[in-house]
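Engineer: no FASTA, just this:
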């Protein structure tokens with residue numbers, strides 16, 4: 001609900017949301033890192049149109065420059081979490097050279113991300129502090145010391161992001177236009193315990209916990225050093 005979350009707070013929120021899904025399902029939660037476009041140098045690969053990226057280093061990167069509000073943040077987190085789940089499931093073909101599989105994985109991740117964003121929004125509106133923030137002010141902090149800490153955090157994350165080969169990872173690209181009818185039916189490619197039905201139930205069951213994470217952040221109970 002707060003458009004003034006700092007990179008530290010966004011990163012903490014993202015870790016809580018990713019962990020609430022992956023740990024519950026028996027998977028290892030990846031690291032989550034907030035990055036931002038810092039200049040217009042074409043050789044600097046933090047200057048791109050990605051909202052998120054699941055990297056070859058098994059980290060989730062969220063590009064704050066291309067995330068316009070808290071719903072975008074939650075949707076991007078869900079999209080990249082889907083890729084992280086796929087990567088740890090041996091039954092899923094995540095070979096970046098397999099174009100058909102890659103396309104299927106992207107469709108699934110898009111739907112997963114949209115659903116995840118919807119559930120976070122529902123939890124915030126019904127159990128938290130109200131509507132998710134409709135803007136992202138990209139706030140670095142209220143004091144010189146806090147701004148310095150957050151600037152250094154993003155700089156370190158940018159360096160990690162610049163080192164990875166983007167062609168070996170998975171993207172969540174900012175949606176500029178819609179060119180067709182959105183797929184509404186669930187894609188059930190994961191068999192066994194990890195199904196859309198179970199994920200849906202987990203999201204519903206975890207709704208209050210997700211809202212608590214959001215409330216904790218906006219109430220200021222998580223500091224910039226947590």
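Structural biologist: All right, it came through fine. Keep in mind the model is a prediction, meaning the values are calculated, not measured.
Engineer: can we go C-alpha only for contacts and neighbour counts from here?
Structural biologist: Fine.
Engineer: where does residue 156 land in three-state SS?
Structural biologist: The three-state label given to residue 156 by DSSP: H, G, I helix; E, B strand; the rest coil is helix.
Engineer: Number of residues surrounding it?
Structural biologist: 15 (other Cα atoms under 10 Å).
Engineer: Need the per-residue pLDDT for it.
Structural biologist: Residue 156 carries a pLDDT score of 96 in this model.
Engineer: now it: how far from residue 33?
Structural biologist: Distance of residue 156 to residue 33, given as Cα to Cα, to the nearest Å: 9 Å.
Engineer: can you check residue 73 too?
Structural biologist: 12 Å.
Engineer: in the chain, which spans are strands?
Structural biologist: 32-35, 50-54, 60-63, 170-173 (DSSP state E).
Engineer: show me where this structure has helices.
Structural biologist: In the chain, the helices defined using DSSP state H lie at 7-22, 70-88, 99-127, 144-163, 196-205, 207-218.
Engineer: in the protein, what spans have low per-residue confidence?
Structural biologist: Residue ranges of the chain with pLDDT under 70: 38-47, 92-101, 172-226.
Engineer: one more time with 80
Structural biologist: By pLDDT under 80, the weakly predicted segments of the chain are 1, 38-48, 90-104, 128-129, 170-226.
Engineer: thought residue 141 was touching residue 151?
Structural biologist: No - between residue 141 and residue 151 there is no contact under Cα atoms under 8 Å: 9.4 Å.
Engineer: thinking again about what came up before, looking at the helices of the chain, which is buried most?
Structural biologist: helix 70-88 (a mean of 24; mean count of other Cα atoms under 10 Å).
Engineer: Please work out the angle formed by the directions of it and helix 99-127.
Structural biologist: Interaxial angle of helix 70-88 relative to helix 99-127 (axes from the mean of the first three to the mean of the last three Cα atoms, to 10 degrees): 130 degrees.
Engineer: what sits against residue 19?
Structural biologist: residue 29 (Cα atoms under 8 Å, 6 or more residues apart in numbering).
Engineer: re the thing from before, format the strands of the chain as CSV; extra columns: mean neighbour count and distance to residue 122.
Structural biologist: Listed next are the strands of the chain as CSV, based on neighbours: other Cα atoms under 10 Å; distance: least, Cα to Cα, whole Å:
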stretch, mean neighbour count, distance to residue 122
strand 32-35, 26, 23
strand 50-54, 25, 22
strand 60-63, 28, 22
strand 170-173, 22, 22
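Engineer: Could I get those strands in TSV, plus columns for distance to residue 160?
Structural biologist: As requested, the strands of the chain are exported to TSV (distance: least, Cα to Cα, whole Å):
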stretch	distance to residue 160
strand 32-35	9
strand 50-54	12
strand 60-63	9
strand 170-173	16
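Engineer: Many thanks, have a good one.
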